[in-house]
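Engineer: sequence and predicted model, in that order:
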Amino acid sequence: MKVLLGTLVRGVGLVVGVTSTVLVSGPARADASSQPVSATRDASDPRWVQGQVSVAAPPDEVWAQLKHVDAWTKYFSDIKRFRVLSCAETSCKIQLETKTLSHGSLPYEVEFLEGRRMKVWTNEMGVKAVTYTTVRQGQTPNESNVVYSMFLEVSGAPSLLISEKSLRQKQEHMVTTTLEDMNKSFARR
C-alpha cells in the first residue's frame, strides 16, 4: 500500500483548497505489511483534515463500491448505526451515527459528483460535518488513489460535551480509519 499525503478535501481530494498542511496525527497501520496512513490538518483552517491512500483496485471498481451506499456497513468500521432513507442516481439521504463521535444518529446528504467525487454532509443539532471522497487513477491501471477530507465543527450543546482537542483527535482518527477501511476493502490477496 502506498500512502500519499496531500491537501484535505473530504474524499473528493479536498479541492476546497487546503493550501498548507501540517502532519498532526501519528501513523496508524492499515495492515502489517503496509505503510502508515496519516492525516494532515489544514494549517489555515484546522476544521479540515485530509489523508490519501492507494488501494489495489481500478478507480471504477472503487467508485462502484462507494456508490453502493446500502453496503457501507460492510466496509466502514466506524459506523455504529446506519440507515438509507432514500437514494437516486446522484444522491442519497441517510441516517448515520459513528462509533468515534457518539453524537447520536443524524441525517446526512450523500452527493455523487463529477470526476468520481462524493460529498457527505450534515448540519444538524450543533454538528456540521462535510466529507469529500475523491477516487483517482493510481500509478498502475489496477490501482486507485483515494483522497478523503473532513470538515468538522460543533456548536451549542455538543460543544459543551467535547473539548476542541478531543474533537480534533477524533476527527483525525475518523479520517485514518476510513482510509484504512478503504485499503482493507481492496487488499491484495
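Structural biologist: Sure thing, it's come through.
Engineer: beta partners for the nearest residue to residue 115 once chain neighbours are set aside?
Structural biologist: Of all residues beyond its chain neighbours, the one nearest residue 115 is residue 134 (7.1 Å), with distances taken as Cβ to Cβ, 6 or more residues apart in numbering. No exception for glycine: its C-beta is placed from N, CA and C like everyone else's. Beta-bridge pairing for residue 134 (DSSP bridges): residue 117, residue 147.
Engineer: I figured residue 134 hits residue 112, correct?
Structural biologist: No - using Cβ atoms under 8 Å, residue 134 is not in contact with residue 112, being 11.7 Å away.
Engineer: coming back round to it: need the per-residue pLDDT for the residue nearest to residue 115.
Structural biologist: With respect to pLDDT, residue 134 has a value of 98.
Engineer: relative to residue 98, how far out is it?
Structural biologist: Computed as Cβ to Cβ, to the nearest Å, the residue 134 to residue 98 distance reads 21 Å.
Engineer: and these two? Which one has more around it.
Structural biologist: residue 134 (25 against 22; other Cβ atoms under 10 Å).
Engineer: relative to residue 63, how far out is the more buried one?
Structural biologist: 10 Å.
Engineer: anything in contact with each of those two?
Structural biologist: Counting by Cβ atoms under 8 Å, 6 or more residues apart in numbering, the contacts common to residue 134 and residue 63 are residue 116.
Engineer: show me the strands in the protein, by range?
Structural biologist: 21-23, 28-29, 36-37, 40-42, 48-55, 79-87, 91-98, 106-113, 117-124, 127-137, 144-154 (DSSP state E).
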